[in-house]
Structures are given as structure tokens and as C-alpha cells.
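[1] got a predicted structure here, sequence first:
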Amino acid sequence: MKFIISLNILFITICTWANQPLLQNNYLRNGQSLNGRWHYIVDVYESGYFNYRMEPHDGTENPGSSAFFLNKKPKNKTDRIEYDFDAAPTMNVPGDWNSQKEKLFYYEGTVWYKKSFNVENYDASKRYYVHFGAVNYRADVYLNGKKLGAHVGGFTPFNFEMTHLLQEKDNFLIVKVDNKRATDEVPTLSTDWWNYGGITRDVTIYGLEATFIEDYKIQLTKNKNDEVSGYIQLNGVDKGAQNVNITIPELKINKSFLTDKNGFVSVRFPVKRVTYWSDTNPKLYEVTIAIAKDKVTDKIGFRTIETKGKEILLNGKKIFLKGISIHEENVMRGGRAWSMEDAKVLLGWAKELGCNYVRLAHYPHNENMIRLADQMGILVWEEIPVYWTIQWTNAETYQKAETQLTELIQRDKNRASSIIWSMANETPTSKERLTFLTKLATKARALDDTRLISAALEDHGKKEDQNIMIVEDEFAEVVDVLSFNQYYGWYGGEIDNIKNIRWEIDIDKPVIISEFGAGALQGYHADNMTRWSEEFQELLYEETLPTLAKIPGISGITPWTLVDFRSPRRTLLPYQDGWNRKGLISETGNKKKAFYTLKEFYKNIE
Ligand code: GCB
């Protein structure tokens, strides 16, 4: 009996762990939003998931009545059910729990969420999906008491089909969210940002046709500015031998293709007189893909991005990336940013600085950011949280990183603004780490050969001469763009020696400085040699910017960082108080002096 149960658990686990294909462009499809107030129960001991012998209810045929996902109610007045979602408080979805409930500010663990809903315009012939923009970190999702699936990874979207369990009325969706950190996860135990837990992005349900357009890629062919190529993937019983029509009216494109038996078709066609997407003219074309019973419209920009020797070329022309690093926080409201309004604030500040480029650190940000960057003409570096001390030899950890990378590329492969996939940040060099990162880069190139690969590496002083900085990292051979973080004058070296520093870089690739910076408490003024003062930060920028400008092949910079952000590592009073103070803007939205130093520097760049 025990054996049968464990086989059963294994089977269900395997089924639910196989991620379902991600719906492309859910963003512009009509869905029913489940955003709003959700009931929640904080479950520190996970007693809604395990019984008192620590055996999971999930995956057993008859889960005990204390399994929270069943949403049980007492049958009569003598009945004992020791939880009740309807009596539990509510909080906002999307939203992290830390910034919504004071008691949960430092909480890392399990919270159960429940939302009841009726399906608008229910149509029994349709297939229904529930889509999550992101849940940090692990989500177990149940509809009407049955498991839909699980997802691991806090910053990428996922969806589950729920046709088989859905009713027109009185559905209840329950999500167990667990944001406990662990050594074998991605990210791992230690980061320099807040581990916000919860359903942090939109939740939407989609009613789709029996056969629908699941995925597509429509981009200029690698290094070709007069040809579009990509693919279409259908899903459903009639996916084979289907006629697929692609139209781009403004380019007078109207093409038809036939899918193979797997519902897949590669596409390729010439395009003429394209207005290329760029930072100065972010032209987006309306692209429509249609099959007999489904149609999606997207807004796609066409541009090429490539490197030539030490230069980055956008549409064949050399570009300097005037950037800034950004964390996904709306500090003024508190917590994770997620909405279009949040994106407008962050990217609006970047524009005000004079940026044409941002580094979305250190994990995939919400889709509003990249969609808005597409509209505003801001080029984007996107990253996965392979950060610091990942378990390089653990195959499961690798898989988690690869899944996050895949989901990110899946989501953003049609966005012109997205130009660089970053594999990692400040990871210590070793043979195992090189194998891990090289495998990731190979995967990224296989999924998308039209963007550049990079990672934020580290530099250090040369033994013989500490004023000469070098990057000793074999992964530099693998990437397209050599990027590294450098903190001369803050973590090492004297601020008044910055001007004497130079970098020796003997690789024929463009260079991006992915970070530099200094902490300053906004409003704290002192002489410019006093740490934590705005003047110290200002001086560091004044000294660093011209020094970096002399690096051969320098093609961009993303100073650290746009806004102060929460980090549990930053405990120093009265300056930090739980904040990393390297922002150019404070958590109250006030600009520090160095903001204007950088702005001036960008203004003077051609
Ligand atoms: C770094 C990390 C970044 C930190 C920053 C700092 O190099 O990449 O995540 O927040 O330094 O402030 O120390």
C-alpha cells in the first residue's frame, strides 16, 4: 500500500513538474484578470500541506481534511476543520506580502492564497488556462481541490491548463507560495536584495480555442536587415496541416504557411523599407498571426544587434549604451514593482538621466518594463538570478537556472528592446562554474541567436601593479560582450586614486561596465571624503566616469544603481537601516547629487 502511494506521488510529481508551454503574448490577449483581494493563511509549519508525520497530503488519493487546498468546510456543527479561508484576512494580488503586512515583513516561508471566481462568458467548447506573471519562489497551484501544477523560480511566468477542472461558477483557486531560501536554489541563500514573497505579478485566465496559437517568434534574421524569420507553434487537436497567416500591413506583408503534424512551422520572408527600431525612433509594427479560429496581434520592432571587434552595432551603427542598473522595486509604495505605472516611474527616471539603456538586475523583471522599454526606445540587458554562490555541480540547480533562462527568453524573444541575455552576476571562477555557465550560454544561443550573451564578471588589480585592473575569467571567451562590475574607491582602492587606474583588456570584444557605485544617504551632506555623504558618491562618479571612458572598447555602462533598494545585508545605522544606499535616488524619490553628475556625463556623449 505504502509502495503504491509513493509511486502515485512520484507520478503526480513528475507530471506537475513538467512545465507547460508558455502562452506567447498573453499580454495583448483578452483575459479575465484575477487580480484583487485574495484570502491568505500564513502556514509557518506547512501544516496545510503535510500531515503530522510530515507526509504530504498533495499527491495522495485521499488527502486528509487538513489539506488546505481542499478548502473544506465543516459538514455540521460537530465537524472539525481547523482552517477557514473565508474567515482569513485578505491582501492584494499582485503584491508581495512583506510590504503589505507588517507581521510578514521579514517572513520567509509558506503562505496559502485563495481566490473564488466565476468565469465570464464561459464557453464549454473553449480551453482555459490560468497564467501567473510570477510567484516568488515556489508555487503549488490547485483548482477546485485538485492540483494544476507546480512552478519553481520567482521571476518568470508560467501557466497551467485548467479546462478539465473548471466550472462556469464558484471556482476556487488556491496557491501555496513558499519563498524559503535554500542552497540549491536559483538564487541561493545569499543575495543583496529583499526576498519578497507572494504572488508578485498578474494572475489572468484565458479562454482559448480548441486549437490555438501557442507560441511564435517573428524577428529579423540574425545580422540581416531585410529578412524576417522565426516560427509559429500551434497547440490543439487540429494543429497539423493548418494554414497560418502572417500580416504586417505597414510593410505590405501577407504570407501564409502550413504547419507540420506537430503544429510547427518555420517562417522566413523578405522585408523592404523597414523603419528600424532604435533608441531614437522606437518604431513598432503591428504583426498579426491568424489561423482558422485564433488570431493574435503583437507590436514588434525590427532591429539588428551585433558586435564587430570592440563595437556594439545597432542596425549596423556603433552605439554607446548610456545605462543605469535597476532593481524591481517601487520603493515609495513599498515592495516589488509590478504594474505599468511602476514601470513608468522607473524608466521615466532612467530617461530623465539621459539613458538609452538599462540593466534589469538581477532577475527577470515584470513584462511591463520590457513592453514599455519597447515603446520608449530603451535598450535592455536582461538577467537570471545566477548570483554569487550557486551550486555549480548540482544538476538540479543547473536545471532550475536553465528553466528560468528559457522562460525569460520565451517571454521576451519578440521584444526589440531586449538586446542582451545575461547568464550570471559576480560568480566566482572555477572549472565547474565555467561548465555551468557555458552550458547556459549554449542554451540561450540555441533558443535565440539574435541577441548578445553576457554576464557581469569581476575585475581585480594586477599583482605587479595594483593600478592596473584585469579580468581573469575564462567565461570571457564565451560571451559576446565583456562585462564586469568594478567598485574601485568603494570596496577597494582609494577614491582619490581612481584617476590613476587603468584596465588592461586583451580581448577583442566590446566592454560594458555592468556596475560601479558608492553608498550615500540622501540629505546627508559632508566633505567629499566622508563616506555615506552625497558628496562622496558625487566625487566617486566624477572620478570614475572619465576613467572608464578611457577603457579600450568601452561600449556602455550601467552604474549601480537607479534607486536605493531594500537589502537585509545593509544594517548600518543611521545610514543604511535595511537599504542599499547606492541609488542615485532615495527611497523617498529624492535625487542625490550624483544623479546630476551622471546626467551631465550622458549629455556630453555623442
Ligand atoms: C555588487 C552586486 C550587487 C550589489 C552591489 C553592492 O557587485 O552585483 O548586487 O548590490 O555589488 O552594492 O555591493
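    Ah, there it is. Computed from a predicted structure; not experimentally measured. Numbers count the residues shown, from 1 in each chain.

[2] who in the protein is up against the ligand?
    Counting by CB under 6 Å from any ligand atom, the positions of the chain adjacent to the ligand are 192, 362, 425-426, 485, 515, 560, 580, 582. For the C-beta atoms, the positions are set from N, CA and C on the backbone; glycine is no exception.

[3] mind putting those into CSV with secondary structure, neighbour count and pLDDT?
    Below are the residues of the chain next to the ligand laid out as CSV (DSSP: H, G, I helix; E, B strand; the rest coil; neighbours: other CB atoms under 10 Å; pLDDT from 0 to 100):
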residue, secondary structure, neighbour count, pLDDT
192, coil, 19, 98
362, coil, 24, 97
425, strand, 26, 98
426, coil, 18, 98
485, strand, 19, 98
515, strand, 23, 98
560, coil, 25, 98
580, strand, 21, 98
582, coil, 28, 98
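
[4] columns distance to residue 50 on top of the residues you listed, output as TSV?
    Shown next, in TSV, are the residues of the chain next to the ligand (distance: CB to CB, whole Å):
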residue	distance to residue 50
192	33
362	32
425	35
426	37
485	41
515	42
560	41
580	36
582	41
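
[5] nearest to residue 172, of those?
    Nearest to residue 172 among the residues of the chain next to the ligand, counting by CB to CB, is residue 362 at 35.1 Å.

[6] isn't that closest one up against residue 385?
    Yes: Residue 362 is within contact range of residue 385, at 5.5 Å (criterion: CB atoms under 8 Å).

[7] identify the contacts common to these two.
    187, 191, 425 (CB atoms under 8 Å, 6 or more residues apart in numbering).

[8] the second one - how many residues pack around it?
    To tie it back to what came earlier, the one meant is residue 191. Neighbour count of residue 191, defined by other CB atoms under 10 Å: 19.

[9] may I have the predicted confidence score for it?
    With respect to pLDDT, residue 191 scores 98.

[10] and it, how far is that from residue 566?
    Taking CB to CB, to the nearest Å as the measure, residue 191 falls 11 Å from residue 566.

[11] do residue 268 as well
    47 Å.

[12] so between the two, which is more surrounded?
    Remark: of residue 268 and residue 566, residue 566 carries more neighbours, 22 against 12, as counted by other CB under 10 Å.

[13] so what's the backbone phi/psi at the more buried one?
    phi -70, psi 140 (degrees, to the nearest 10).

[14] hey, what's the closest residue to the ligand within the stretch 351-500 of the chain bridged with?
    The stretch 351-500 of the chain approaches the ligand most closely through residue 485 (4.4 Å), counting by CB to the nearest ligand atom. With DSSP bridges as the criterion, residue 485 is bridged to residue 458, residue 515.

[15] in the chain, what residue comes closest to the ligand?
    For the chain, CB to the nearest ligand atom, closest residue to the ligand: residue 192, 3.7 Å.

[16] so what's that residue closest to, chain neighbours aside?
    residue 567 (5.0 Å; CB to CB, 6 or more residues apart in numbering).

[17] for residue 207, same thing?
    residue 126 (4.2 Å).

[18] for the one you found, what are its contacts?
    Counted by CB under 8 Å, 6+ apart, residue 126 has contacts 163, 207-210.

[19] may I see the residues you listed arranged in TSV, with neighbour count and pLDDT as well?
    Shown next, in TSV, are these (neighbours: other CB atoms under 10 Å; pLDDT from 0 to 100):
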residue	neighbour count	pLDDT
163	13	97
207	21	97
208	21	97
209	18	96
210	15	96
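
[20] out of those, which sit inside strands?
    Counting by DSSP state E, the contacts of residue 126 place 207-208 in strands.

[21] and of the contacts of residue 126, the nearest to residue 493?
    Distances from residue 493 to those, taken by CB to CB, are shortest for residue 208, at 56.9 Å.

[22] could you give me the average pLDDT of stretch 108-119?
    For stretch 108-119, the per-residue pLDDT averages 98.

[23] go through it and flag the buried ones.
    110-115, 117, 119 (16 or more other CB atoms under 10 Å).

[24] could you do stretch 473-482 as well?
    473, 475-476, 478-482.

[25] widest-spaced pair of those residues?
    Counting by CB to CB, the most remote pair of the buried residues of stretch 473-482 is 473 and 480, 14.6 Å apart.

[26] ok so, going back, the residue of the stretch 351-500 of the chain closest to the ligand and residue 491 touch, don't they?
    No: the criterion here is CB under 8 Å, and residue 485 misses it with residue 491 at 9.7 Å.

[27] all helices for the stretch 201-350 of the chain, in order.
    Under the criterion DSSP state H, counting those that start in this stretch, helices of the stretch 201-350 of the chain are mapped to 340-353.

[28] whoops, I mixed them up, the stretch 1-150 of the chain
    2-17.

[29] please name the bridge partners of residue 50.
    Beta-bridge partners of residue 50, as defined by DSSP bridges: residue 56.

[30] low pLDDT regions in this structure?
    1-19, 606 (pLDDT under 70).

[31] in it, which residue is closest to the centre?
    Compute the mean C-alpha point of the chain, and by CA atoms, centre = their mean the closest residue is residue 364, 1.1 Å away.

[32] outline the domain layout of the protein.
    Domain assignment for the chain, taken from automatic domain parsing, gives 2-208, 212-303, 307-603.

[33] ok now do residue 108, which residues does it touch?
    179-181, 195, 197 are the contacts of residue 108 under CB under 8 Å, 6+ apart.

[34] and for residue 553?
    Contacts of residue 553 (CB under 8 Å, 6+ apart): 309-311, 482, 505, 508-511.

[35] nearest residue to residue 231 other than its sequence neighbours?
    Counting by CB to CB, 6+ apart, the residue nearest residue 231 is residue 266, at 5.0 Å.

[36] check residue 293 too.
    Here the residue nearest residue 293, using CB to CB, 6+ apart, is residue 209, at 4.4 Å.

[37] tell me the residue furthest from the middle of this protein?
    Quick read of the chain (CA atoms, centre = their mean): farthest out is residue 78, 48.5 Å.

[38] which parts of the stretch 1-150 of the chain are strands?
    Ranges of strands within the stretch 1-150 of the chain are 32-33, 36-42, 90-93, 110-117, 127-132, 135-136, 138-143, 146-152, based on DSSP state E, counting those that start in this stretch.

[39] apologies, that question was intended for the stretch 401-550 of the chain.
    Using DSSP E, counting those that start in this stretch, strands in the stretch 401-550 of the chain cover 418-425, 452-458, 460-461, 468-470, 482-485, 502-503, 511-515.

[40] count the neighbours of the closest residue to residue 492 other than its chain neighbours for me.
    Of all residues not flanking residue 492 in the chain, residue 461 sits nearest, at 7.7 Å (CB to CB, 6+ apart). Residue 461 has 15 neighbours, counted by other CB under 10 Å.

[41] what's the answer for residue 395, then?
    8.

[42] now do the phi/psi pair for it.
    Torsion angles, degrees, to the nearest 10, at residue 395: phi -60, psi -30.

[43] residue contacts, the residue nearest to the centre of the chain?
    Per CB under 8 Å, 6+ apart, neighbours of residue 364: 134, 155-156, 382-384, 404, 407-408, 411-412.

[44] hmm, try it at 6 Å
    155-156, 408 (CB atoms under 6 Å, 6 or more residues apart in numbering).
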